[in-house]
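Chemist: what follows is a predicted protein model with its sequence.
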Amino acid sequence: MARVTVVNDNPEFLALVREILEDDRYDTITIDGDRADALDAIRASRPDLLMIDLRMGAEGIHGWDIAQQVRAEPAFDGLPVLICSADAPALKALETDLAGMPHVDSLVKPFSIDELIAAIDSLLAESATR
């Protein structure tokens, strides 16, 4: 069973996504993105895929920066990352960066359960062939 670590600053979102993913066969770890030790918590969770919000409430926390820091570590090189945001223009602005990185995709909120599962399945399948 693949482990998906979900990082977001909204507890309701975390609970909903956990329920959806666990119902669909994923071992799911949720992390409050506003935690000062969020990066350490991500490392400790040993994810097969990282799903992270682009912007979180705490000052200076940007999901894309955290994802890049995690993937820069040898143990997480090539880790599939799904970046989510309700800010479609901000995700659009990242397209150039995303295009240059393997196993990275984005999803605009709100998204359907089918869209979420399809994105995760696709990223995990793609990374399995690396």
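Modeler: Received it, and whenever you're ready, just let me know what you need.

Chemist: which SSE is immediately downstream of the least confident helix or strand in the chain by mean pLDDT?
Modeler: The weakest-scoring helix or strand in the chain, judged by mean pLDDT, DSSP states H and E, is helix 95-99 (a mean of 77). Next along the chain after helix 95-99, taking DSSP states H and E as the criterion, comes strand 104-108.

Chemist: if we can go back for a sec, which helices and strands sit right next to the least confident helix or strand of the chain?
Modeler: Secondary-structure packing of helix 95-99 (3 or more C-beta pairs under 8 Å, 6 or more residues apart in numbering; DSSP states H and E): strand 104-108. Backbone N, C-alpha and C define where each C-beta goes, glycine included.

Chemist: helices or strands up against the following helix or strand past the strand it packs on?
Modeler: For strand 104-108, the succeeding helix or strand toward the C-terminus, using DSSP H and E, is helix 113-128. Secondary-structure packing of helix 113-128 (3+ C-beta pairs under 8 Å, 6+ apart): helix 11-23, strand 49-53, strand 81-85, strand 104-108.
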